[in-house]
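*Asks:* Attaching a predicted model along with its sequence, questions to come.
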Amino acid sequence: MSAKALLDLSPAVAEALAARRPVVALESTIITHGMPYPKNLETALMLEAAVAERGAVPATIAVIEGRFRVGLERAELEQLARLSGGVVKASRRDLSAVAARGGSAGTTVAATMYIAELAGLEIFATGGIGGVHRGAEETFDISADLVELGRTRLAVVCAGAKSILDIGKTVEYLESQGVAVCGYRCDEFPAFYARTSGHRIDHRFDGARDLARMIRLQREIGPGGVLIANPIPEAHALDADAIEKRIGEAIVEARAQGIEKKDVTPFLLGRIVEMTEGRSLEANMALARNNASLAAEIAVELARL
């Protein structure tokens, strides 16, 4: 069986692709593992609305009963949201196992990228990418997101890498993978909750049309995709020093409790929500919406090329 045989496109996505109208891929781990219910459902619907408002078709991606679904109906979004934490968090390596047993899963950035490219999509909006974890020189804990960005010719809009990561090493690893990294109206790689990280970006773009042209060229040149760093809106950004302190405390707790690998990120993000009394959750929602809006603007320009 070919991987494409597992694809199910929603009618709206199938019609848009056939007519060469703009489509934006959205991930589903923000629903299944990123937030508690009902905030996760509210966020998923908000992201889809943000894409639609800018003239593109939203395509939330997940594995449903062994099928790679591109575009979910409201009932399916709600079902995933109610199962928050109760389904598999699937990276690309997990897709075959989940599909073989007819299971369901939220898709990470890496898995969403793979399925989106398989379906013929060009652009994907997420919150923040995974990256090189702190202490990776001992643990070798490096997100599959970075490897996937190096081999999948898709554009990904994000608010940089999650602040819980080693951002300097993440930027270096992206360079090693041949990923084209550019900043949207910024000169530094953003740090998810904070607008800056101290790590400069080589290429800056101030308009969606120029970004669309670059994305098309990168699809020809390769080898990998384009990572578009879009800082969190200023009104929702958190103080970089304060959030760094909270992250350090949460990392110590995670190590003390023996939490590791793919369980680390959801634990740390959850603890930071508690430590910031919900402000980090509000920031997460704001940056995700901002990224979805930008991705839709770029998708519209891609459709015009």
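*Replies:* Done, it's in.
*Asks:* wait, doesn't residue 271 sit right on residue 253?
*Replies:* Yes. The criterion here is C-beta atoms under 8 Å, and residue 271 meets it with residue 253 at 6.3 Å. Yep, even glycine has a C-beta here, placed from its N, CA and C like the rest.
*Asks:* Mind checking which of the two has more residues around it?
*Replies:* Using other C-beta atoms under 10 Å, the more surrounded residue of residue 271 and residue 253 is residue 271, with 19 against 13.
*Asks:* which secondary structure element contains residue 78?
*Replies:* Assigned by DSSP states H and E, residue 78 belongs to helix 74-82.
*Asks:* actually residue 241, not the one I wrote
*Replies:* Assigned by DSSP H and E, residue 241 falls in helix 240-256.
*Asks:* tell me what that helix is packed against?
*Replies:* Contacts defined by 3 or more C-beta pairs under 8 Å, 6 or more residues apart in numbering; DSSP states H and E place helix 240-256 against helix 264-275.
*Asks:* How far does the helix it packs on sit from its chain's centre?
*Replies:* Put simply, helix 264-275 sits 17 Å off its chain's centre (C-alpha atoms, centre = their mean, to the nearest Å).
*Asks:* Give me the helices and strands touching the next helix-or-strand element following that helix, please.
*Replies:* Per DSSP H and E, the first helix or strand lying C-terminal to helix 264-275 is helix 279-304. Counting contacts by 3+ C-beta pairs under 8 Å, 6+ apart, helix 279-304 packs against strand 23-26, helix 39-53, strand 123-125, strand 155-158, helix 208-221, helix 264-275.
*Asks:* buried residues in the longest one?
*Replies:* When neighbours are counted by 16 or more other C-beta atoms under 10 Å, the buried residues of helix 39-53 are found to be 39, 40, 41, 43, 44, 45, 47, 48, 50, 51.
*Asks:* In PDB, list the C-alpha atoms belonging to whatever helix or strand comes next after that helix.
*Replies:* Where DSSP H and E defines the elements, the next helix or strand beyond helix 39-53 is strand 57-64. What follows is strand 57-64, C-alpha atoms only, in PDB (Å, rounded to 0.1, in the frame of the first residue of the first chain):
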ATOM      1  CA  VAL A  57      -8.800  27.200   3.300                       C
ATOM      2  CA  PRO A  58      -7.700  25.700   6.600                       C
ATOM      3  CA  ALA A  59      -6.600  22.100   6.600                       C
ATOM      4  CA  THR A  60      -6.100  20.700  10.100                       C
ATOM      5  CA  ILE A  61      -4.200  17.400   9.800                       C
ATOM      6  CA  ALA A  62      -4.500  14.300  12.100                       C
ATOM      7  CA  VAL A  63      -4.600  10.600  11.900                       C
ATOM      8  CA  ILE A  64      -8.200   9.300  12.300                       C
END
